[in-house]
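> Whatever this is, show me its structure:
(chains A and B, ligands or ions: 1)
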Amino acid sequence: MNCPLCGYEFKVETMACHDGCPMGSRCNLICCPNCGYQVVDESKSWFSNFLHDMFPFLKKTKPPQRKQKRDSKGELLIPLTHVAVGKMVEVSDMDELTSHRLTKLSVFGFVPGSQVEVLQHRPSPIIRIDQTELTLSKEILDQIWVYV
Amino acid sequence: MHHHDSPNNIHTDNVPVVLIGNPNVGKSVIFGALTGRHVIIANYPGTTVEFTQGTFNLNGKSRSVIDTPGIHSIVPFSDDERVTRDILFSNKSSTIIQVADTKNLRRGLLISLELAEVALPFILTLNMADEAKIRGIKVDIDKLSSILGIPVVSTVATSGEGIQTLVHAMDTARTSTYKITYSDEIEEAITQLETYLPQTTLSRRSMALMILVNPSDLLGHKTFKDVDHTAIYNLCRDTKEKIGHPLPYSINRQRLKVVDDILKNVVQHSSSRRFFLEEFGYWTVHPVAGWAILSVMLYVLYLFVGVLGAGTLVDLLEVQLFENIVNPWLTWGVETLIPIKFIQDFLVGDYGMFTMAITYSLAIVLPIVGTFFFAFSILEDSGYLPRLAVMLNRAFQWIGLNGKAVLPMILGLGCTTMATVTTRILETRKERLQVTLLLALGVPCSAQLGVMLGMIADLGTTATVIWGSVVMSTLLAVGYLANQVIPGQKSDFIFELPPMRVPSLSNILMKTLVRLEWYLKEVIPIFVLGTAILFILDKISLLYFIEQALAPLITGWLNLPIEVTGAFLIGFLRRDYGAAGLFALSRDGLMSPLQILVSLVVITLFMPCVANVLMIVKEYGVKFAIAVAAFVFPFAIVVGGLLNLVLRYFNIM
Ligand SMILES: Nc1nc2c(ncn2[C@@H]2O[C@H](COP(=O)(O)OP(=O)(O)O)[C@@H](O)[C@H]2O)c(=O)[nH]1
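You can find the predicted model right below:
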């Protein structure tokens, strides 16, 4: 990121104070290594996450870095977490899931090739395959890749 | 339908009919329609842990029919799914009725294909035809029947439509001619596995597939004691390596491909209208509206149970009927008929059978649980409860659980003991222990909750908020600590939401009555027993000594009147009975609002009832039960005392 004060460019992940420090996992401030200016890291604030859950419209328009990849045929894939509510998409690849999760989803008829619709993302994601509605954790959704 | 229970029917050449299908497809309703028996219908997965058996009349002959817990696949991955598989194994040449949800045929066919492999005769019932129609889903029954090679019937179980056709089709059940060919690796493994397997009621091919899907489960069954386990495990491992994916997943994937091909031929979608309830279902899990709906729902529940049940109805019954009419008459009658003081006291004294046990249970608790059961049945049948899992997932994740744990906790509001059984739906032992502990600690059962709502109604909002937040934060804090202390793993949060439905009035009334019957049968004897104990303790003056011995705790630390000792003592038998004792004391004006509040907090967090402790022993062993008891009881007293100190210090109330 770029420091909003001095413009110095740095990587948050590499900063020992942010990830290495024992308090770091809860620390929601980022200090610019150049000028020391403290930037608020909203993603780590419980309060901010809570507010965003309650009032999704508060969410800044800028989404967190978009994840995407291409399948063997070069088609663009995105994880289910990035799919807009109400859009029907086809599942391409679920290989990142643990075998336990794969098995569980497959008995609900959820396999590559299935058509799914995301009904909502918050407070917990809900997806629909055919007439089955499933609620599952965001973490699982993030490992399911679908065609754009 | 007639319902015979004469014992000679049981041993005849009575081939049982077994109902099998996904959760929530209407098996219980079909079972009820066949047998004329009412079974409590629960609108969420995992609640039928044991199977139900009944009989029905087929062409003048009595046949037995078995309702089984819902499954996703006949290869079990959990305890309740195992029940169904074991029934298939144990009943020689049974007829199977597979019940499927017409609008969700895809998942139903997944099971049909497995049944075809098993090679037992079966019929496919496409239930909920009405709901499919609304959604514009049309299934070509004849075509499906000819593809699968079995009879297919369409029904609407709730209105009885098609049930007669189903009964007539019963004798035409056939083994399906449909055969899936899997990929080469799997077919090869099947062929090899078949050579190891013994002859059973199920086909070798299906057993081989079951082993590939979940080897440890099937090989754990007694039928497979003597087969070569090592060789089979090696084979499964090799096959998995060859395929590069988990076997259950690849097999299901191949089956789903076949299913989708069948569906293309038999299902037609026309434009559907999204009807009101579906829409409402989305609002109930909306990040903002969901909370509003939850609050309104709780408030209405409070009005119905706390104000109407515990206020108006209890007033009518306890004060107007029992205190003013029934009890004076009984007292007069007993005193004139039986001249012995001891017996008089036993029947109508301070701890008398009529004046205490019967009055408490019929005049205080009955109207309260009655209204609660009614409201709860509506919530249960509407499909709302599982949606709370979506709303509360985050809070539960904070204490190391997930939204799935919401169900047992909410069911705990019905009966904590039964809810302890349903902790089985949780996947890991750690989660089960954690929820069992929380249930025992602070989830009041319906009767207790109702009685407490009645007491709170008189106290006002501040007290309600304090009580609610003390109990909630205690649960959260203990849950958080338990998460650190109890070793084990968390499970994944993948949970099916059943559709929202308009509950049928007859079903709700029936459920309320069935539950009330349970209450009258199970609970009143315990009330009688508790009263008898108190009576005896009082007669031999032991109650006085106990009161004196506990005085430092009760009057000193908790600052409550000494009379609550009796209420707490019977609270050991049942918490709701203890609460009823407090209710009576507070109505008699023996406690200040602050004392009522403190006593409420103590009785909420109090020892779980005897039945619940026994259930914990049965499910999780004596050691865990003792640990729970040893923690919960002192903890309740400590929290109550601290609350007392804090409230006094800040002069609240
Ligand atoms: N609209 C409609 N609802 C049904 C039908 N059959 C069952 N239900 C409802 O579906 C819910 C689940 O039924 P249940 O018998 O408990 O399913 P089970 O879990 O398979 O035993 C209940 O609320 C029933 O009232 C049907 O044919 N049409």
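
> so what are the domain limits for chain A?
Taking automatic domain parsing as the domain assignment, the ranges for chain A are A:12-58, A:69-147.

> Span of the last one from start to end?
If I follow you right, that is domain A:69-147. 10 Å (Cα to Cα, to the nearest Å).

> is it fair to say B:Asn57 lies in a strand?
Yes: judged by DSSP: H, G, I helix; E, B strand; the rest coil, B:Asn57 forms part of a strand.

> how close does it get to the ligand?
As judged by Cβ to the nearest ligand atom, to the nearest Å, B:Asn57 and the ligand stand 21 Å apart. Heads up, the C-betas are built off the backbone N, CA and C, glycines and all.

> how close does that residue get to A:Met88?
47 Å (Cβ to Cβ, to the nearest Å).

> ok, B:Leu459 - contacts?
B:Pro593, B:Ile596, B:Leu597 (Cβ atoms under 8 Å, 6 or more residues apart in numbering or on different chains).

> Which residue is the nearest non-sequential neighbour of the residue of chain A found nearest the ligand?
Going by Cβ to the nearest ligand atom, the ligand is nearest to A:Gln131 of chain A, at 12.9 Å. For A:Gln131, ignoring the flanking residues on the chain, the nearest one in space by Cβ to Cβ, 6 or more residues apart in numbering or on different chains is B:Asn104 at 4.3 Å.

> So the one you found sits against A:Asp130, correct?
Yes: with contact defined as Cβ atoms under 8 Å, B:Asn104 and A:Asp130 form a contacting pair (6.0 Å).

> Can you report how many residues lie near B:Val99?
30 (other Cβ atoms under 10 Å in any protein chain shown).

> and what of the one 3 residues further on?
If you count neighbours by other Cβ under 10 Å, B:Thr102 ends up with 26.

> In contact with it, which residues?
Residues near B:Thr102 by Cβ under 8 Å, 6+ apart: B:Leu126, B:Asn127, B:Met128, B:Ala129, B:Glu131, B:Ala132, B:Ile137, B:Val139, B:Ser154.

> Out of those residues, who's the most crowded?
B:Asn127 (28 neighbours).

> So if I had to pick from B:Asn104 and A:Asp130, which one is more boxed in?
The neighbour comparison of B:Asn104 against A:Asp130 (other Cβ under 10 Å) goes to B:Asn104, with 23 against 19.

> Now do the SS call for the residue sitting furthest away from the middle of chain B.
In chain B, the residue that sits farthest from the middle, by Cα atoms, centre = their mean, is B:Pro339; the gap is 49.1 Å. Following three-state DSSP, B:Pro339 is assigned to coil.

> Checking the nearest residue to B:Ser491 once chain neighbours are set aside next. Helix, strand or coil?
The shortest distance from B:Ser491 to any non-neighbouring residue, by Cβ to Cβ, 6+ apart, is to B:Glu427 (3.7 Å). At B:Glu427 the chain is in coil, as set by three-state DSSP.

> Do I have it right that B:Glu427 meets A:Lys104?
No: applying Cβ under 8 Å, one finds B:Glu427 not in contact with A:Lys104, separated by 9.5 Å.

> So which of the two has more stuff around it?
Taking neighbours as other Cβ under 10 Å, B:Glu427 and A:Lys104 compare with A:Lys104 leading, 23 against 19.

> who are the neighbours in contact with the residue of the stretch 551-653 of chain B at minimum distance from the ligand?
The stretch 551-653 of chain B approaches the ligand most closely through B:Glu619 (22.6 Å), counting by Cβ to the nearest ligand atom. B:Glu619 makes contacts with B:Thr420, B:Val421, B:Thr423, B:Arg424, B:Arg432, B:Thr436, as judged by Cβ under 8 Å, 6+ apart.

> who's in contact with the closest residue to B:Arg253 other than its chain neighbours?
With Cβ to Cβ, 6+ apart as the measure, A:Val111 is the residue that lies nearest to B:Arg253, at 4.5 Å, once sequence neighbours are left out. The neighbours of A:Val111, taking Cβ under 8 Å, 6+ apart as the test, are A:Val91, A:Met94, A:Leu105, B:Tyr249, B:Asn252, B:Arg253, B:Leu256.
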